[in-house]
Structure formats: structure tokens, C-alpha cells
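Participant: need the 3D shape of this:
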Amino acid sequence: MNDTFLKACRGEKVDYTPVWLMRQAGRYLPEYQAVRGQVDFLTLCKTPELAAKVTLQPVDILGVDAAILFSDILIPIEAMGMHLEFSEKKGPVLSEPVRTKSNVEKLIVPDTEDSMSFVLDTIKILRRELKVPLIGFSGAPFTLATYMIEGGSSKNFLNTKKMMFQNSGLFNYLMKKLTKTVISYLSSQIEAGAQAVQIFDSWAGALSPVDYKEFELPYVKKIVSALKKQHPDTPVIYFANDCAGIIKEAKKSGADVIGVDWRIDMADAVKKLGKKVVVQGNLDPCVLFAPKEHIEERVKDILFKGESAKGHIFNLGHGILPETPVENAIAMVEAVHKYGKKE
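Facilitator: Numbers count the residues shown, from 1 in each chain. You can find the predicted model right below:
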């Protein structure tokens with residue numbers, strides 16, 4: 001087992017900077033497209049053999065130092081009682097958005113073993129097959145709440161913020177249910193064999209620093225604290241997208257690793273997080289469309305700036321884009337391994 005990624009998560013000495021990519025099992029890979037062409041997206045998520053197959057593909061093709069479970073952040077929402085569909089044009093669609101007290105009351109805190117056993121079965125298959133660590137994951141409460149309240153994706157999160165500001169009691173009622181769900185879901189993944197977990201806060205950057213501090217951070221802290229109590233040896237990564245304005249608050253989450261997007265310079269991120277925090281990131285995914293020489297230069301810059309952190313895990317600042325040339329993703333991984341060697 002190549003445990004370089006896990007060592008880096010813990011801030012231990014490593015021979016080189018490890019690297020993995022968000023959405024590394026995805027549409028940019030022809031091998032993924034071949035599997036996806038046989039089934040719809042939700043069926044792929046819910047078929048352990050197929051989900052494991054696409055999780056493994058980029059590990060071999062790219063040579064990354066960790067695998068991330070192939071699934072979707074909305075899987076627990078469906079288990080809570082909402083009807084979920086994926087539209088090729090619109091993305092996720094959740095019928096009957098959660099906007100009233102009765103909507104929230106209908107939601108359950110699901111038992112992962114009962115309602116999402118396919119996720120746990122996928123993890124068990126992967127642990128038998130993988131030679132690198134496996135990362136489990138969940139969406140963060142605020143990010144999940146936006147999909148539930150908006151009924152899908154949104155540009156301005158109007159309905160979510162209206163609930164926050166007009167009926168904070170109802171919003172917090174929903175967030176408490178989501179927090180319990182995420183704790184149970186991630187704990188079950190760890191028990192099934194996930195060796196690290198990442199909390200994706202894709203829409204955290206839609207909140208002002210003061211609103212993030214009030215409406216999201218307490219719940220993220222509760223999740224991290226519960227996981228640390230139940231599974232003290234399992235690293236927890238917290239990725240808050242568009243984090244520049246909230247990075248000092250995100251540090252208070254208690255996570256072992258703070259993932260940062262590309263909108264903040266890595267040197268600034270390390271300075272704001274301090275030298276006791278492991279950092280993850282943060283190449284702009286669009287740099288992978290540049291010539292390989294340019295990719296190398298950007299990789300070297302981020303590696304250099306990440307050296308002063310307690311530890312650094314190289315990653316993109318968000319998910320890899322479907323149109324990305326595979327050879328450029330490989331070149332990036334090779335550059336990280338080449339220039340991230342420690343003396």
C-alpha cells in the first residue's frame with residue numbers, strides 16, 4: 001500500500017508531495033464513458049461493481065496517490081426521502097423542494113446500512129483491489145441544503161437565503177437533520193474501509209463570512225468533531241469552494257486538511273491557515289488545457305508555495321472538467337511527482 005497520501009494528511013514526513021484529483025473518475029476518461037454508456041448515472045452510482053470499476057480507472061491511468069469513491073453528493077438526500085433525478089441538460093432535479101416545516105418533518109435521518117448499502121459494498125470491493133488509500137466523501141450541510149431548498153442547482157440561492165434570513169429556525173432544523181445524516185454516512189464509510197473522508201462544501205463561497213460563521217461553520221465543526229471522536233485515526237478533509245473570504249473561519253472546522261480552490265494564491269492560503277494545518281490544492285482545472293510546459297510551471301509554483309505548510313496534498317482547485325485532455329492530466333501528475341520530491 002502506497003500510504004504517502006495518508007502520511008501527508010497527518011502532516012508526517014513524505015518522500016514526495018502526493019496528488020489526486022477531484023472528480024478523477026469522470027467524463028474526461030474514455031474508459032469511464034464506455035461504462036457510463038451502458039447505464040444511467042444513478043444506476044452507475046448504485047451498482048457496486050461498476051462504481052468500483054470507474055473508481056479504479058484513473059488510479060491506473062493517471063498514477064495518482066489516492067482513489068476517491070465514485071458516487072454523488074446527493075445520494076444521502078435521496079435516502080432522506082426526496083425524489084432525485086439527473087437531467088443531461090439541467091443536472092440534478094429534486095422534486096418538491098424543501099421550503100416548509102412539513103417538508104423538513106417528512107425527511108428522515110437514514111440508516112446507511114439499510115438505504116445506502118451499495119456505497120458500503122463499493123468501498124469493500126475497492127479495499128480489496130486498491131494499492132493506494134481510498135477517500136470516502138459527503139456533501140457539507142449547507143451545500144446539500146441548497147439543492148434541497150432550490151430543487152437543484154442555483155446561481156444566487158435565493159430560496160435558500162430567504163429561508164436563512166426569514167425563517168432561521170426552520171433552516172437550522174433542516175441543517176440539524178443534515179448534520180446527523182452526514183455524520184452517520186461518513187462514519188459508515190469509514191467502518192466499511194474508507195481510509196480518509198472529504199467533506200465537499202461546493203457552495204460555501206456563496207455565503208458572506210458572517211453568514212458562513214453563523215449558518216454553516218457550527219454544523220461542519222460538529223461533523224468533524226463527531227468523526228474525530230468515533231474514528232480518531234481517520235483524516236478528515238474539508239473543501240470549501242470559493243474559500244478566499246472564509247478561509248480563516250474554515251480553519252476552525254477542526255479538519256486535518258483544508259482544501260482550497262484556485263481563486264486564492266497558495267502562499268496566501270498557507271499564510272492564513274498557519275503552519276499547523278495541512279493544505280490541499282489548488283491548480284485551476286483550466287490550466288490542464290495549456291501546453292505541458294505551462295502546466296509544469298504552474299505545478300512547480302504551487303508546490304513551492306505549499307512547502308511552508310505543515311503538509312501539502314496536490315489537487316486541482318475544483319473538479320477536473322469533462323473536456324480535459326487525458327494526456328495533460330497525466331502530465332500534471334507526473335510533474336507533481338517529479339518536482340514534489342523531498343530532499
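Participant: helix/strand/coil for the closest residue to residue 238 other than its chain neighbours?
Facilitator: Distances taken as Cβ to Cβ, 6 or more residues apart in numbering put residue 255 closest to residue 238, at 3.7 Å, once the chain neighbours are dropped. C-beta: built from backbone N, CA, C; applies to glycine. Using DSSP: H, G, I helix; E, B strand; the rest coil, the structure places residue 255 in coil.
Participant: okay but residue 262 is in contact with residue 281, surely?
Facilitator: Yes - using Cβ atoms under 8 Å, residue 262 is in contact with residue 281, at 7.2 Å.
Participant: mind listing the strands for the stretch 51-200 of the chain?
Facilitator: Taking DSSP state E, counting those that start in this stretch to define them, one finds strands in the stretch 51-200 of the chain at 67-68, 84-87, 91-94, 134-139, 196-201.
Participant: same list, those, but as CSV with mean neighbour count, distance to residue 47 and mean pLDDT please.
Facilitator: Below are the strands of the stretch 51-200 of the chain laid out as CSV (neighbours: other Cβ atoms under 10 Å; distance: least, Cβ to Cβ, whole Å; pLDDT from 0 to 100):
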stretch, mean neighbour count, distance to residue 47, mean pLDDT
strand 67-68, 25, 17, 98
strand 84-87, 14, 15, 88
strand 91-94, 16, 19, 89
strand 134-139, 24, 18, 98
strand 196-201, 26, 22, 98
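Participant: between those, which one is closest to residue 217.
Facilitator: Nearest to residue 217, of all the strands of the stretch 51-200 of the chain, is strand 196-201, at 10.0 Å by Cβ to Cβ.
Participant: which other helices and strands contact the closest one?
Facilitator: Counting contacts by 3 or more Cβ pairs under 8 Å, 6 or more residues apart in numbering; DSSP states H and E, strand 196-201 packs against helix 4-9, strand 134-139, helix 141-150, helix 168-192, helix 217-230, strand 236-240.
Participant: put the alpha carbons of the next helix-or-strand element following that strand into PDB.
Facilitator: Downstream of strand 196-201, the next assigned helix or strand under DSSP states H and E is helix 209-215. Only the C-alpha atoms of helix 209-215 are listed here, as PDB (Å, rounded to 0.1, in the frame of the first residue of the first chain):
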ATOM      1  CA  PRO A 209     -18.000  35.400   6.100                       C
ATOM      2  CA  VAL A 210     -20.500  36.500   8.800                       C
ATOM      3  CA  ASP A 211     -23.200  34.200   7.400                       C
ATOM      4  CA  TYR A 212     -20.800  31.300   6.900                       C
ATOM      5  CA  LYS A 213     -19.800  31.700  10.600                       C
ATOM      6  CA  GLU A 214     -23.400  31.600  11.700                       C
ATOM      7  CA  PHE A 215     -25.200  29.300   9.300                       C
END
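Participant: point out where the stretch 201-343 of the chain drops to low pLDDT.
Facilitator: The stretch 201-343 of the chain contains no residues with pLDDT under 70.
Participant: next, count neighbours for residue 40.
Facilitator: 12 (other Cβ atoms under 10 Å).
Participant: so it is in contact with residue 86, correct?
Facilitator: Yes - if you go by Cβ under 8 Å, residue 40 and residue 86 touch, sitting 7.3 Å apart.
Participant: just to revisit the earlier point, export the helices and strands packed on strand 196-201 to JSON lines and tack on distance to residue 310?
Facilitator: What follows is the helices and strands packed on strand 196-201, written out as JSON lines (distance: least, Cβ to Cβ, whole Å):
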{"stretch": "helix 4-9", "distance to residue 310": "9"}
{"stretch": "strand 134-139", "distance to residue 310": "19"}
{"stretch": "helix 141-150", "distance to residue 310": "26"}
{"stretch": "helix 168-192", "distance to residue 310": "22"}
{"stretch": "helix 217-230", "distance to residue 310": "17"}
{"stretch": "strand 236-240", "distance to residue 310": "14"}
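Participant: ok, which of those comes nearest residue 205?
Facilitator: strand 236-240 (6.9 Å).
Participant: which residues in the stretch 1-150 of the chain form helices?
Facilitator: 4-9, 30-36, 41-46, 48-62, 75-80, 101-106, 112-115, 117-129, 141-150 (DSSP state H, counting those that start in this stretch).
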